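Participant: Pasted the sequence and its predicted model underneath.
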Amino acid sequence: MFDFNLQELNNIIENKKIRTLFQPIVNIKNGRILGYEALSRGPAGTNLENPIRLFDSAKKHGKLFLLESICREKALKRAHIFAGEYKLFINIDPHVIYDTNFQRGTTRQLLKHLSLSQQNIVIEITERTSINDFNTFKKALKHYRRQGYRIALDDTGAGYSGLQSLVSIAFDYIKIDRSLISDIDRDKVKQALLESLVQFGHKISSSLIAEGVERKEELDALNKLGVDYVQGYYIARPAEKICKRVFNLF
């Protein structure tokens, strides 16, 4: 059977048809931008516009590294305009290190070409991988840590083996999944769990970032609980343009 997704995927990779959006991550106390998360999308109106379908297709057909390389290249070239001013958060699938096309040092070479510092790049690695393949998860973390990147644990609290992930390596940032943030102002259990995560994070010198903030009441609750940074539609939606500003959150 002919695979239309594979045809479209090959077209995207060959012609680098990736759109990069940026969503700010903002200091909850003073409204200053810490950095931007780079979000990749396929061509508008296609079956692979959706990032989940796009990356699932790449993983299925053994083209994950090729796709991620293009996404990273696009993001880094766009991020060159705020080099040194803000951090750039980039999502990486831990399984990419086992892709047959995987090559070490490609991102480092690109950074050197663009005169960007690894210290300003934050590699987000999802906690969702750890319960099924913790060895791959840990190997990927060590790989990027050795190269000098900042590391963020993504999707924390999404119902996976978070404790094993959290104690495996020192994270610079712990990103709290939307599932824990949603309606946290109304949920005492979520508040208690997040309060514990905040205390834990600060004890190990990790900053906490709340993802998916969509309501002012959630923002107020997160501020009271001591979260460091926030990200979500209530703050700003992903966009192609970078907004250099200070947000008035309260």
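Facilitator: Alright, I've got the coordinates.
Participant: Could you look up the SS state of Ala79?
Facilitator: helix (DSSP: H, G, I helix; E, B strand; the rest coil).
Participant: Going C-terminal from the helix or strand bottoming out on mean pLDDT in the chain, what's the next secondary structure element?
Facilitator: Of all helical and strand segments in the chain, the minimum by mean pLDDT, DSSP states H and E falls on helix 162-166, at a mean of 60. The helix or strand immediately downstream of helix 162-166 is strand 173-176, counting by DSSP states H and E.
Participant: Does anything pack onto that next one? Which helices or strands?
Facilitator: Contacting strand 173-176 under the criterion 3 or more CB pairs under 8 Å, 6 or more residues apart in numbering; DSSP states H and E are the following elements: strand 150-156, helix 188-203, strand 207-210. Backbone N, C-alpha and C define where each C-beta goes, glycine included.
Participant: outside of the second one, which residues touch it?
Facilitator: Spelled out, it's helix 188-203. By CB atoms under 8 Å, 6 or more residues apart in numbering, the surrounding residues in contact with helix 188-203 are 156-157, 166, 174, 176, 180-181, 183-184, 207-208, 221-222, 225-227.
Participant: these two touch, right, Glu240 and Ala38?
Facilitator: No: with contact defined as CB atoms under 8 Å, Glu240 does not reach Ala38; the gap is 11.2 Å.
Participant: returning to that earlier point: and the helices and strands packed on strand 173-176, which is most packed in?
Facilitator: The highest mean neighbour count among those, using mean count of other CB atoms under 10 Å, belongs to strand 207-210: a mean of 25.
Participant: what separates it from the chain centre, distance-wise?
Facilitator: With CA atoms, centre = their mean, to the nearest Å as the basis, the distance from the averaged C-alpha position of strand 207-210 to the chain average is 12 Å.
Participant: Parallel or antiparallel, list what pairs with that strand.
Facilitator: Strand 207-210 has these partner strands in its sheet, going by DSSP bridges: strand 173-176 (parallel), strand 229-230 (parallel).
Participant: mind putting the ones you listed in a markdown table, mean pLDDT included?
Facilitator: Below are the strands paired with strand 207-210 laid out as a markdown table (pLDDT from 0 to 100):
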| stretch | mean pLDDT |
| --- | --- |
| strand 173-176 | 93 |
| strand 229-230 | 98 |
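Participant: would a markdown table of those strands with mean neighbour count and distance to Phe82 be doable?
Facilitator: Written out in a markdown table, the entries for the strands paired with strand 207-210 read as follows (neighbours: other CB atoms under 10 Å; distance: least, CB to CB, whole Å):
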| stretch | mean neighbour count | distance to Phe82 |
| --- | --- | --- |
| strand 173-176 | 26 | 18 |
| strand 229-230 | 26 | 17 |
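Participant: Looking at those, spot the one closest to Thr20.
Facilitator: Between Thr20 and the strands paired with strand 207-210, the shortest gap by CB to CB is with strand 173-176, which sits at 19.1 Å.
Participant: can you pull the buried residues of the helix or strand just after the closest one?
Facilitator: Next along the chain after strand 173-176, taking DSSP H and E as the criterion, comes helix 178-181. Under the neighbour-count criterion of 16 or more other CB atoms under 10 Å, helix 178-181 has Arg178, Leu180, Ile181 buried.
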